[in-house]
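J.: Generate a structure from the sequence data that follows.
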Amino acid sequence: MKTKSIWTLSRGETARFLRALATAIEEGESEVNGFGIQLAELIKFKLKFTQLAGDTLEVKFSGRFAPTGEDDDEGYSKLKKRMQVYWRSIRQSAEQGEIPSQELLSVFLVDARRMTTFAGYGDPYYSVFLESCRRLEEAIAAGDVAEIQAAVQALDAQKKACHGRSK
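T.: Okay, the predicted model is just below:
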């Protein structure tokens with residue numbers, strides 16, 4: 001699982017953040033005091049500082065936690081690669097005016113729901129994505145090819161927008 005935090009801080013606040021981080025690491029604390037960063041089970045992290053206008057900096061903290069044992073060992077990337085294969089088949093069926101197989105859709109939807117449990121990968125858009133998945137599922141159940149094609153196009157547009165935001 002990943003975590004990400006972004007702050008806009010003055011130089012003094014940035015120094016205070018770095019001191020709090022150093023103290024937490026040195027003393028084996030589970031949280032960075034005053035910043036809400038959980039260090040327990042954190043296996044790696046990155047800091048990025050960007051000078052903004054005036055005396056402020058943008059501070060980005062991103063980290064990765066050890067797997068919790070609830071299928072986290074699969075990882076987000078592996079899940080997304082598998083979903084891509086299923087999605088390609090669903091999209092091709094829709095483009096050819098065919099109804100995608102219920103089995104293929106079921107596997108894709110299980111993975112889609114799993115994908116939305118990963119924090120830090122577009123969380124604000126998960127509910128819209130899941131609603132679009134529900135729309136596709138209903139269209140396939142009804143056998144409505146036009147609605148299937150519309151739902152596939154909507155999901156494809158959401159995927160492109162999401163992937164564009166993360167680049």
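J.: Show me what residue 65 bridges to in the sheet.
T.: Counting by DSSP bridges, residue 65 is bridged to residue 42.
J.: How about the contacts made by it?
T.: For residue 65, the contact set (C-beta atoms under 8 Å, 6 or more residues apart in numbering) comprises 1-3, 41-43. Quick note: C-beta positions are derived from backbone N, CA and C, even for glycine.
J.: Using the three-state scheme, assign the residue located most distally from the centre of the chain.
T.: When distances are taken from the C-alpha mean of the chain, residue 54 lies farthest, 32.3 Å away, according to C-alpha atoms, centre = their mean. Classification of residue 54 by DSSP: H, G, I helix; E, B strand; the rest coil places it in coil.
J.: With the one 5 residues further on instead?
T.: Secondary structure, three-state DSSP: residue 59 is strand.
J.: Distance-wise, check the closest residue to it other than its chain neighbours relative to residue 17.
T.: Leaving out its chain neighbours, the residue that sits closest to residue 59 by C-beta to C-beta, 6 or more residues apart in numbering is residue 7, at 4.9 Å. According to C-beta to C-beta, to the nearest Å, residue 7 stands 7 Å off from residue 17.
J.: More neighbours: which of those two?
T.: Here residue 7 and residue 17 are set side by side on neighbour count (other C-beta atoms under 10 Å), and the busier one is residue 17, at 21 against 14.
J.: what's the helix or strand for that one?
T.: Take DSSP states H and E as the rule and residue 17 turns out to sit in helix 11-27.
J.: mind saving the C-alpha coords of that helix as PDB?
T.: Output in PDB follows, covering the C-alpha atoms of helix 11-27 (Å, rounded to 0.1, in the frame of the first residue of the first chain):
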ATOM      1  CA  ARG A  11      11.100  27.600   5.100                       C
ATOM      2  CA  GLY A  12      10.700  27.500   8.800                       C
ATOM      3  CA  GLU A  13       7.800  25.000   8.700                       C
ATOM      4  CA  THR A  14       9.900  22.800   6.200                       C
ATOM      5  CA  ALA A  15      12.800  22.800   8.700                       C
ATOM      6  CA  ARG A  16      10.400  21.800  11.500                       C
ATOM      7  CA  PHE A  17       9.000  19.000   9.300                       C
ATOM      8  CA  LEU A  18      12.500  17.700   8.600                       C
ATOM      9  CA  ARG A  19      13.400  17.900  12.300                       C
ATOM     10  CA  ALA A  20      10.200  16.000  13.300                       C
ATOM     11  CA  LEU A  21      10.900  13.400  10.700                       C
ATOM     12  CA  ALA A  22      14.500  12.900  11.800                       C
ATOM     13  CA  THR A  23      13.400  12.700  15.500                       C
ATOM     14  CA  ALA A  24      10.800  10.100  14.700                       C
ATOM     15  CA  ILE A  25      13.200   8.000  12.700                       C
ATOM     16  CA  GLU A  26      16.000   8.300  15.300                       C
ATOM     17  CA  GLU A  27      13.700   7.500  18.300                       C
END
